[in-house]
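*Asks:* structure, please.
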Amino acid sequence: FFSMLIYANAMLCPVLNLPRHAMQSLALRSSHLLGRRLSIRLKSSVAAGSTKKKDVILPTKEQLRILAYRAAIPMVGFGFMDNIVMITAGEAIDSTLGVTLGISTMAAAGFGQCCSDVAGNLSGGTVDAAVSRMKLQHHGLSEDQLDLKVSRMYKLLGGCVGVVTGCLLGMSCLFFMDTDKADRARKAKELQSIFDHIMTEGKSLFNADRATLFMLDEEKHELWSQIATGSKGIIKVREDEGIAGACLQSGEMINIENAYDDERFNPEVDGRTGFTTKSLLAIPLKNETGKCIGVIQMLNKKNEDDKVVSFGKDDEKLISMMANHVISFIKIVEG
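*Replies:* Numbering: from 1, shown residues only. Sure thing, here's the model as predicted:
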């Protein structure tokens, strides 16, 4: 409009022999008139909008309760699905790929969250369909009532309560899971990789048939080992069973010429492994506080003629040095 007035001022004044100040006065008056009309219309629309907002009836407490309830129910399903998938997938990844590839627990949890997000995206329609079949009571609120601040607050609060409730229900799977499984497997792998070289070299160093490293499981009160040269699988004995158990309980080195002549020896282990123990040398592993956390055991020392003989004093000194090295490696593994 103002562009047209400027154009008229420039083109019509010379043609009609009108002074420029007359056209400028006309343009100024027209702009004032247009501004007043726009101002009146704007005030009218604002007044109408405010009147319309004032006319919206506030929801009742019962309607707000139903609104919050309807917002909470779907979020219970989403929260439950999210947590149970994340925990289950994360634990499975942690105890398999985490142990094999050395993936940290936090990284496994991240992969579990990815699986949870995908599952939530795929199952969103299922949750919505299940909620729709529940035929929940309708709040009966209009669009204007739903747009009120109090309605939005109740809806948001209901959704938050629902998702927290669903997540807590999803965490119930932890009661049925062995959460320490991955830690034990990871620790066993680290111990095996660290001690395998020591045990192999120890067998050659002592010229023994077998070298075994037992670690104490305080919760199960047993000694276990999957690091025994010449054997496969995990060996488990009670913490007070056999020569290893006696060494652990006494905290002293044990040197036996013939194991079957010692009443502390448990021949059942030989029966399970198919090995025949004769001479035996065992030493406890003690941490910084002097607590026994494991046992190193050498079996069947042989001489130059390949005959089994007893372990000597030099062997006792040598195994004491090995125990100190093993303790240092354990401190590194356990951080």
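*Asks:* could you measure the most centrally placed residue in the chain against residue 67, distance?
*Replies:* Per Cα atoms, centre = their mean, the C-alpha nearest to the average position across the chain is that of residue 109, at 3.3 Å. Counting by Cβ to Cβ, to the nearest Å, the gap from residue 109 to residue 67 is 35 Å. For glycine as for every other residue, the C-beta is placed from the backbone atoms N, C-alpha and C.
*Asks:* what's the answer for residue 144, then?
*Replies:* Applying Cβ to Cβ to residue 144 and residue 67 gives a distance of 14 Å.
*Asks:* let me see the ranges of the strands in the stretch 201-335 of the chain.
*Replies:* 208-217, 222-225, 235-238, 254-256, 280-286, 292-302, 308-309 (DSSP state E, counting those that start in this stretch).
*Asks:* how about the ones you listed in TSV, adding mean pLDDT and distance to residue 124?
*Replies:* Formatted as TSV, the strands of the stretch 201-335 of the chain follow (pLDDT from 0 to 100; distance: least, Cβ to Cβ, whole Å):
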stretch	mean pLDDT	distance to residue 124
strand 208-217	88	44
strand 222-225	86	46
strand 235-238	84	47
strand 254-256	95	64
strand 280-286	94	54
strand 292-302	92	50
strand 308-309	92	70
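*Asks:* tabulate these (CSV), appending mean neighbour count and distance to residue 197.
*Replies:* Formatted as CSV, these follow (neighbours: other Cβ atoms under 10 Å; distance: least, Cβ to Cβ, whole Å):
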stretch, mean neighbour count, distance to residue 197
strand 208-217, 22, 11
strand 222-225, 21, 16
strand 235-238, 17, 19
strand 254-256, 18, 25
strand 280-286, 23, 17
strand 292-302, 23, 14
strand 308-309, 16, 25
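*Asks:* let's have the ones you listed in a markdown table, adding distance to residue 118.
*Replies:* A markdown table is the format used below for the strands of the stretch 201-335 of the chain (distance: least, Cβ to Cβ, whole Å):
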| stretch | distance to residue 118 |
| --- | --- |
| strand 208-217 | 37 |
| strand 222-225 | 38 |
| strand 235-238 | 39 |
| strand 254-256 | 56 |
| strand 280-286 | 46 |
| strand 292-302 | 43 |
| strand 308-309 | 61 |
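*Asks:* that older thread, okay, the residue nearest to the centre of the chain and residue 254: tell me how far apart.
*Replies:* From residue 109 over to residue 254 (counting by Cβ to Cβ), the distance is 44 Å.
*Asks:* what about the strands of the stretch 201-335 of the chain, which gets the closest to residue 132?
*Replies:* strand 208-217 (51.3 Å; Cβ to Cβ).
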